[in-house]
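In: below are the sequence and a predicted model for it; my questions follow.
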Amino acid sequence: MSLRNYLDKIRPNFEEGGKLHAFKSVYDGFETFLYVPNETSKSGTSIHDAIDSKRIMSLVVLSLVPAMLFGMYNIGYQNALAAGKLADATCWGMFLYGMLALLPKILVSYIVGLGIEFAWAQWKGEEIQEGYLVSGILIPLIIPVTTPLWILVLAVAFAVIFTKEIFGGTGMNIFNVALAARAFLFFSYPSKMTGDSIWVAQNSIFGFGYTLPDGFTMATPLGEIAQGTSVNASVCDMVLGLIPGSVGETSVIAIAIGAVILLWTNIASWKTMLSVFLGGTVMGLIFQSTEATPIQWYEHLVLGGFCFGAVFMATDPVTSARTETGKWVYGFFIGAMAIIIRVMNPGYPEGMMLAILFGNMFAPLIDYCVVQSNISKRAKRAK
């Protein structure tokens with residue numbers, strides 16, 4: 001209660017006429033993050049619930065923790081494997097190395113993103129919105145570990161300003177903010193986001209890890225397929241996540257734990273999640289039957305960012321379809337489109353990012369068609 005009492009004590013400084021009134025939105029942001037607001041609506045409809053948007057965002061962040069922790073371990077594992085020192089490395093040492101490699105990116109993502117959020121709220125005289133709590137952790141997890149920090153700063157600033165704030169803030173953005181940051185990086189600095197030299201951390205950090213030779217390369221399984229070579233990783237490695245790739249996207253098991261949390265708390269739609277996998281399965285079977293892809297259909301589902309995108313990106317309640325029927329169409333479209341891009345465009349072997357951004361673009365149209373169809377059916381029944 002001492003923290004609660006302290007916040008109540010300094011509140012007058014941030015109220016109208018207080019010496020810190022200009023920072024009222026900053027105070028409100030911290031207070032509502034720590035405690036549930038005790039204010040209710042004075043007019044109009046007021047819905048009382050046990051959870052608010054900040055708590056929802058906190059649960060989403062919690063669901064991302066398994067993927068983040070495994071990503072830290074995999075960073076160290078890939079570094080030791082590339083150095084040929086896997087037998088000498090310890091699990092704890094590999095994890096610490098990965099944590100030291102990833103932590104600066106998480107800090108930069110939050111400092112830059114929340115800094116812009118705070119500044120924008122002060123400028124507009126509005127409350128600080130909580131949407132970046134999730135985007136701030138998502139962005140470091142969907143980029144290669146070798147991404148330079150200065151490039152990450154530009155990507156975060158672009159995504160927050162041009163994908164979110166310019167549309168009105170949290171709940172108003174058309175495209176997923178984290179994916180917009182990745183798209184900015186991919187199209188502005190392709191050499192830092194594609195190729196075989198970006199997936200493995202190559203320098204030791206504070207005595208942890210190993211320094212690799214200059215020019216070292218290691219392709220992801222999807223990169224090997226795009227180059228026409230056979231995949232070296234086993235299905236077990238693909239599921240466990242012991243393969244090169246973006247930080248948080250490799251482990252199917254860690255992602256599945258996050259999916260259970262999202263579904264158990266009713267935050268994510270199981271219809272959207274399941275339909276993404278159905279779309280990917282159908283399209284994977286089609287390409288496998290025509291011998292257009294050298295791998296099995298189920299390998300497409302466990303490689304790259306397919307699982308991560310299906311669980312954490314496609315289910316974004318702001319940018320996805322909102323009608324119940326629309327969720328099936330939206331998810332199926334994303335899953336199918338991801339496999340189509342992978343197989344038909346060797347220059348872009350991933351596919352999930354563009355598929356979800358396309359899905360975001362068509363989500364309002366999907367919902368519109370579903371609503372109009374329901375209206376037409378009811379009008380016919382009325383006659």
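Out: All right, it came through fine.

In: so who does residue 345 touch?
Out: Residue 345 makes contacts with residue 351, as judged by C-beta atoms under 8 Å, 6 or more residues apart in numbering. Yep, even glycine has a C-beta here, placed from its N, CA and C like the rest.

In: now it: phi and psi?
Out: Comment: the main-chain dihedrals of residue 345 come out as phi -130, psi 90, following degrees, to the nearest 10.

In: could you measure from it over to residue 301?
Out: For residue 345, the distance to residue 301 (C-beta to C-beta, to the nearest Å) stands at 19 Å.

In: cool, and residue 196?
Out: Taking C-beta to C-beta as the measure, residue 196 falls 23 Å from residue 301.

In: please identify which of the two sits among more neighbours.
Out: Neighbour tally, residue 196 and residue 301, criterion other C-beta atoms under 10 Å: the higher count belongs to residue 301, 21 against 15.

In: how near is that one to residue 228?
Out: Counting by C-beta to C-beta, the gap from residue 301 to residue 228 is 22 Å.

In: now residue 187
Out: For residue 187, the distance to residue 228 equals 25 Å [C-beta to C-beta].

In: where's residue 169, which helix or strand?
Out: Counting by DSSP states H and E, residue 169 is held by no secondary-structure element, helix or strand.

In: I figured it hits residue 131, correct?
Out: Yes. In terms of C-beta atoms under 8 Å, residue 169 counts as a neighbour of residue 131; the distance is 7.3 Å.

In: how far does stretch 223-238 sit from the chain's center?
Out: Averaged C-alpha coordinates place stretch 223-238 at 24 Å from its chain's average position (C-alpha atoms, centre = their mean, to the nearest Å).

In: what's the answer for stretch 243-263, then?
Out: In this view, stretch 243-263 has its centroid 11 Å away from the chain centroid, taken as C-alpha atoms, centre = their mean.

In: cool, and stretch 234-254?
Out: That offset, for stretch 234-254, works out to 16 Å (C-alpha atoms, centre = their mean).

In: least confident secondary structure element in the chain?
Out: Counting by mean pLDDT, DSSP states H and E, the chain has its least confident helix or strand at helix 24-34, which shows a mean of 64.

In: low-confidence ranges in this structure?
Out: With pLDDT under 70 as the threshold, the chain has low-confidence stretches at 1, 17, 20-54, 125-130.

In: same thing but at 50, please
Out: Across the chain, not a single residue meets the criterion (pLDDT under 50).

In: which SS class is the most centrally placed residue in it?
Out: Computing the C-alpha centroid of the chain and ranking residues by C-alpha atoms, centre = their mean puts residue 138 first, at 3.7 Å. In terms of secondary structure, residue 138 is helix; the call rests on DSSP: H, G, I helix; E, B strand; the rest coil.

In: so it makes contact with residue 311?
Out: No. Counting by C-beta under 8 Å, residue 138 stays clear of residue 311, with 11.4 Å between them.

In: just confirm residue 346 is within a helix.
Out: No. When the secondary structure is assigned by three-state DSSP, residue 346 falls in coil instead of a helix.

In: and it, what does it touch?
Out: Counting by C-beta under 8 Å, 6+ apart, residue 346 makes contact with residue 226.

In: residue 225 versus that one, what's the distance?
Out: Taken as C-beta to C-beta, the span from residue 346 to residue 225 is 8 Å.

In: for residue 206, same thing?
Out: Distance of residue 206 to residue 225, given as C-beta to C-beta: 36 Å.

In: settle it for me: which of the two has more neighbours?
Out: For residue 206 versus residue 225, neighbours defined as other C-beta under 10 Å are more numerous around residue 225 (22 against 8).

In: buried ones in the helix or strand containing the more buried one, by neighbour count?
Out: Taking DSSP H and E as the criterion, the element that holds residue 225 is helix 221-226. Using 16 or more other C-beta atoms under 10 Å as the test for burial, helix 221-226 gives 221-226.

In: just stretch 288-299 next, same as before
Out: For stretch 288-299, the buried set under the neighbour-count rule, 16+ other C-beta under 10 Å, comprises 288, 293, 295, 297, 299.

In: show me what contacts the first one?
Out: For residue 288, the contact set (C-beta under 8 Å, 6+ apart) comprises 296-297.

In: what do you get if the cut-off is 6 Å, keeping everything else the same?
Out: Shown here is residue 288, whose contacts under the criterion C-beta atoms under 6 Å, 6 or more residues apart in numbering are residue 297.
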